[in-house]
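>>> The sequence and its predicted three-dimensional model are supplied below.
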Amino acid sequence: MSTERSGSAHRAIWSIPDGATGNSARASEFNGYRIVRRTVTIAADRAEIVSYFDDASKLNRILVDVGRVEDLSSGTRTWTLKSGGNCVQLETISVKSQPYIARVWQTIDGAKHDAQIEINFRDAPADRGQEVQLRMAYKQIWGGAGDLVAKLQGIDANSAVRVALKHLKMLLETGEIATSENRRVS
């Protein structure tokens, strides 16, 4: 059973009328959006993995270096993404939730940044656990010039997604997130 938010029009970023999807393209752009895609295989139960994306306090444990999430009311969530000392805030609304299959959030209408975050869960081949695919599509303010400004400010969506999924994998498989902090130098 899937639930979709009816209060806001769901912008179909990932598909176009001829049936092609943004996921099939290898390019980092689709329909005017910048695309970030990462998939990780995690040796854990799917319900445990999904719980990290449904609970902001758990999600904040894996976003420790790249941002913070705050659940507001009625499926609204604020994502504060940080990189290089800079922050970008995205106020999103849940537009799709399929139990144990997918979650989709998109920025609210009229937001400064236009973005969509989608997470899909599926069984990994050969009983190796679960595959977690995170896709993020966003439009840079000022187009190509906005990309240059973001890079100069140290904001890199690819790195943020990679680090978050890496932290999730470490936490679920080993029980901790390995860091270089508080290590003795001999």
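Noted; the coordinates are in hand.
>>> pretty sure L172 is touching E48, no?
Yes: under the criterion of C-beta atoms under 8 Å, L172 is in contact with E48, at a separation of 6.5 Å. C-betas here are computed from N, CA, C, even on glycine.
>>> the helices in the chain, which residues?
Along the chain, counting by DSSP state H, helices occupy 46-54, 56-62, 143-152, 157-174.
>>> of L172 and E48, who's got more company?
Remark: of L172 and E48, L172 carries more neighbours, 19 against 12, as counted by other C-beta atoms under 10 Å.
>>> got the contact list for the more buried one?
By C-beta atoms under 8 Å, 6 or more residues apart in numbering, the contact list for L172 reads I42, A43, A44, E48, I49, Y52.
>>> Could you list the low-confidence segments of this structure?
Scanning the chain for pLDDT under 70 picks out the ranges 1-27, 83-86, 140-155, 181-186.
>>> Let's see that with 80 instead.
1-32, 64-66, 74-75, 81-88, 112-113, 140-157, 179-186 (pLDDT under 80).
>>> Show me what counts as buried in the longest strand along it.
Ordering each strand of the chain by length in residues (DSSP state E) puts strand 86-98 first. Within strand 86-98, the residues that count as buried by 16 or more other C-beta atoms under 10 Å are V88, Q89, L90, E91, T92, I93, S94, V95, K96, S97.
>>> and these, which two are the farthest apart?
Farthest-apart pair in the buried residues of strand 86-98 is V88 and S97; separation 23.9 Å (C-beta to C-beta).
>>> Just list the residues touching the closest residue to G129 other than its chain neighbours, thanks.
Spatial nearest neighbour of G129, excluding adjacent residues (C-beta to C-beta, 6 or more residues apart in numbering): A43 at 3.9 Å. Counting by C-beta under 8 Å, 6+ apart, A43 makes contact with R128, G129, L172, E173.
>>> quick one, phi/psi of the first one?
Yep, that's R128 we're talking about. When read as degrees, to the nearest 10, the backbone of R128 gives phi -90, psi 10.
>>> hey, what's T107 bridged with?
Taking DSSP bridges as the rule, T107 bridges to T92.
>>> Confirm for me that it is in contact with A115.
Yes: assessed by C-beta under 8 Å, T107 is found in contact with A115 at 5.0 Å.
>>> Please enumerate the shared neighbours of these two.
Here T107 and A115 have L90, T92 as joint contacts, going by C-beta under 8 Å, 6+ apart.
>>> quick revisit: from the contacts of A43, which would you call buried?
Applying 16+ other C-beta under 10 Å to the contacts of A43, the neighbour count classes G129, L172 as buried.
>>> Turn the contacts of A43 into CSV, including distance to T179.
Formatted as CSV, the contacts of A43 follow (distance: C-beta to C-beta, whole Å):
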residue, distance to T179
R128, 26
G129, 23
L172, 16
E173, 16
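>>> out of the contacts of A43, who's nearest V36?
Proximity of the contacts of A43 to V36 (C-beta to C-beta) peaks at L172, which lies at 21.4 Å.
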